[in-house]
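Chemist: Following is a predicted model, sequence given first.
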Amino acid sequence: MDVFSNGTVHLYSEGKHGVTSTSEEYRKFKCSDDKEWEMNYYGPSGHGDGRNPGGCKGFFQTLDITLLEIETIQTQMGQFKEFMSSKRGADDRSQKRTSLSDSLFELVTKLCAAFKLSEHYYISIAVTANGNLDFATGAGDGNGGFGHFKRKPKPVPQNPPVTRNNPHSRNTICDHPSCNKKSNGTISHDTHCNGQTPRWESHLIVNLLTPGILMAPLLRDCRSVVLASGTLAPIGSLCAELNLLPPPVGSSASASASKSKNDGDPGEDKADDDPLSTTTGRLQVTPRPLEANHVISLPKQLLALSIGHFPDGTPLSATYSNYSKAGFHDKLGSAIASIIESIPKGGVLVFFPSFSFLRKCVSTWQHNATWERLVSSKGEVVVEPSSSQSEFEEARALFNGTVERTGNCILLAVFRGKMSEGVSFNDDYARGVICVGVPFPSSYDRSISAKMAYNNEQRRFRKKDLLAGSEWYTQQAYRAISQAIGRCIRHAADYGTIILLDSRHCDDGHSYNQSGLCRAHANLPKWMRSSVRTLRKDMRREGRNDLVGGWSNLRREMKTFFQEAALHGASVLEKQNEEFKRKQESTSLSQDLAFDHKSGQWSSSQASPKKE
């Protein structure tokens, strides 16, 4: 592979991802046009160099560059950025130049940080199609085909590579007819030009593999930091990722914080040499980190079920190997439709492991009875878009508007998508959440495999309390599930059902941890893990918390639950309103009081009314 100074590349046919293999992969799997193919990787391998973690040292060794040279470039880029900012104008061209200078400065800054802390970073070189894969692979002229993000190729002329031995290669006016036609003889580059539009674009990827480095300056500058979220658990692995360690025995977190802020010269750059050392001893241990329960009455307001079989009794496992099996999507659609038909009122959210799986389900269901059943039960089916923010807002508004107008709607979305994180679907907006499969991140994603290798290296050489790569990988799936199921049951009077559709979520009757909890539920949020029941095919009980009777009994259980939950939720809401009124009255009385600083007493701010 040759990477040129303007970001274009020549991709040879040899190697794992050459022209031939890339074209074959595109024709076989119909990849989207924005797919990246990795050419080179410099990062953790999982075992280091035998004595120390590896990281991205190899990248800088290949470039034969020193820290002084990178810092010099960083200084010059900072000066260039300031110069461009001073020349900033209101026109689009000026804005683009300023944006480019900001991006270049950010890249150089990241490279400088990666050089200093190479064991915590990975660097890779990847390519994407110029415009679309039809054009890049030679499958067409780029104006047709089946790419998901079809774009017209950018007619950027190829420039010669700048090497260490030839940093200023001689440019000449290109006399190729194609380039002359495009620029009237003003394009300057070397004789390698063949007049063709480049087929590929290259990307330099610099990724940090631990959040602890970003957390360190915050902890260094603040005496106290509060971390609060519904998805921080498990707390132990979070603290290990952030390098938050308890203070030494006999000291306190506040003392450690004071020491980290006050000891030594404030101007020292010691923290920059080892930023993770500043978080040592900062974790508060008394009181212990809090992992709270839910505010609702779980038996009365939550129906949580794991289902590992289809209505016909065959195993239900939404794994990649089952996606291509005949009839899988049909049976999955039938199962989801049966669950939704059992929810009498309100919106239902269905989360899928990926957009490709979601699209396949939608296309299959629209050509059989499933789609008609979904529309018949809830009136409208909204599919989460995978493109722009405006389309996301339109889909969200359509779902909310339909629920407000009719009281019902279905939303088909994906784990880790915009609908699954940060959006509240309280009350009738979500009376049911259906989670399909276990959303493991793609092991082929370089950022995922690099993080797993990084954790393994750090456990081997540095931090024994960090999760092993495979454990971290599993945890990411359950964090995504926690985010999705947290979209509903948003307050003390809310209620709903959560359905986990996959045999891997089911209690097998044998695997339990020391607390007696089913291992299949151990990674679920603390507030619900002990409330999940497993639906059995028949009347035989196998686990410790089963719902027997199969799919036929599921409908009856749903009906009973929603009748009772609605009544209980209404009573909770009534009590809350009464309590709120009492607090309002108490607040109005307290507003008539004033504090006397001399006497240290509260007294009425107004004269007491005379009694008649």
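Modeler: Perfect, thanks for sending it. Residues are numbered from 1 along each chain as shown.
Chemist: so where's the stretch 251-400 of the chain uncertain?
Modeler: 251-280 (pLDDT under 70).
Chemist: That one: strands as residue ranges?
Modeler: 302-307, 346-352, 381-383 (DSSP state E, counting those that start in this stretch).
Chemist: quick one, which of the ones you listed is packed in tightest?
Modeler: strand 346-352 (a mean of 26; mean count of other CB atoms under 10 Å). Every C-beta, even on glycine, is put in place using the N, C-alpha and C of the backbone.
Chemist: just checking, what packs against that strand?
Modeler: Judged by 3 or more CB pairs under 8 Å, 6 or more residues apart in numbering; DSSP states H and E, the packing partners of strand 346-352 are helix 328-341, helix 389-406, strand 408-414, strand 432-436.
Chemist: Sketch out the low-pLDDT regions of the chain for me.
Modeler: 1-21, 29-30, 89, 139-150, 155-196, 248-280, 511, 543, 587-612.
Chemist: Now the spatially most central residue of it: closest residue in space that isn't a chain neighbour?
Modeler: The centroid of the chain falls nearest to residue 416 when counting by CA atoms, centre = their mean (4.9 Å). Leaving out its chain neighbours, the residue that sits closest to residue 416 by CB to CB, 6 or more residues apart in numbering is residue 480, at 5.2 Å.
Chemist: quick one: contacts for the one you found?
Modeler: With contacts defined as CB atoms under 8 Å, 6 or more residues apart in numbering, the neighbours of residue 480 are 415-416, 420, 439.
Chemist: mind checking the SS state of residue 225?
Modeler: What DSSP: H, G, I helix; E, B strand; the rest coil gives for residue 225 is coil.
Chemist: I'd say it and residue 219 touch.
Modeler: Yes - at 6.1 Å, residue 225 counts as touching residue 219 under the criterion of CB atoms under 8 Å.
Chemist: close enough to count as contact, residue 564 and residue 299?
Modeler: No - with contact defined as CB under 8 Å, residue 564 does not count as touching residue 299 (9.9 Å).
Chemist: In terms of neighbours, single out the busier of the two.
Modeler: Between residue 564 and residue 299, counted using other CB atoms under 10 Å, residue 564 has the larger neighbour count: 14 against 10.
Chemist: and the more buried one, what helix or strand is that in?
Modeler: helix 550-590 (DSSP states H and E).
Chemist: Show me what that helix is packed up against.
Modeler: helix 298-301, strand 302-307, helix 328-341, strand 496-501, strand 533-535, strand 546-547.
Chemist: List the residues that are in contact with both of residue 225 and residue 219.
Modeler: residue 282.
Chemist: between these two, who's got more neighbours?
Modeler: Neighbours were counted for residue 225 and for residue 219 using other CB under 10 Å; residue 219 has more, 24 against 15.
Chemist: so how far is residue 386 from that one?
Modeler: In this view, residue 219 and residue 386 are 37 Å apart by CB to CB, to the nearest Å.
Chemist: sorry, back to before: for residue 151, find the nearest of the helices and strands packed on strand 346-352.
Modeler: helix 389-406 (17.1 Å; CB to CB).
Chemist: So for that closest one, what gets flagged as buried?
Modeler: Judged by neighbour count (16 or more other CB atoms under 10 Å), helix 389-406 contains these buried residues: 392, 395-396, 399-400, 402-403.
Chemist: Now those in TSV, please, with extra columns for distance to residue 342.
Modeler: Output for those, formatted as TSV (distance: CB to CB, whole Å):
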residue	distance to residue 342
392	29
395	25
396	25
399	20
400	23
402	20
403	18
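Chemist: so what's the nearest residue to residue 383 once chain neighbours are set aside up against?
Modeler: By the measure of CB to CB, 6+ apart, the closest residue to residue 383 outside its immediate chain neighbours is residue 412, 4.9 Å from it. Counting by CB under 8 Å, 6+ apart, residue 412 makes contact with 350, 352, 358, 361-362, 381-384.
Chemist: and the closest residue to residue 550 other than its chain neighbours, what does it touch?
Modeler: Spatially, and ignoring its direct neighbours in sequence, residue 550 is nearest to residue 537 (5.1 Å; CB to CB, 6+ apart). Contacts for residue 537 (CB under 8 Å, 6+ apart) come out as 309, 313, 550.
Chemist: do residue 332 as well
Modeler: Taking CB under 8 Å, 6+ apart, one finds 310, 316, 318, 361, 436, 501 in contact with residue 332.
Chemist: which of those lies closest to residue 453?
Modeler: residue 318 (27.1 Å).
Chemist: Run a quick neighbour tally on the closest one.
Modeler: What residue 318 shows, counting by other CB under 10 Å, is a neighbour count of 20.
Chemist: wait, what's in contact with the closest residue to it other than its chain neighbours?
Modeler: Distances taken as CB to CB, 6+ apart put residue 437 closest to residue 318, at 3.1 Å, once the chain neighbours are dropped. Applying CB under 8 Å, 6+ apart to residue 437 gives the contacts 317-319, 352-353, 357, 501-502.
Chemist: about what we covered before: with respect to residue 213, which of the helices and strands packed on helix 550-590 lies nearest?
Modeler: Nearest of the helices and strands packed on helix 550-590 (CB to CB): strand 496-501, 35.4 Å.
Chemist: In the helix or strand that that closest one is followed by, which residues are buried?
Modeler: Using DSSP H and E, the helix or strand that follows strand 496-501 in sequence is helix 526-529. Within helix 526-529, the residues scored as buried using 16+ other CB under 10 Å are 527-529.
Chemist: Format these as TSV; extra columns: distance to residue 571.
Modeler: Compiled in TSV, the buried residues of helix 526-529 are given as follows (distance: CB to CB, whole Å):
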residue	distance to residue 571
527	21
528	22
529	27
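Chemist: quick one: which of those residues is nearest to residue 582?
Modeler: Of all the buried residues of helix 526-529, residue 582 sits closest to residue 527, with 27.9 Å by CB to CB.
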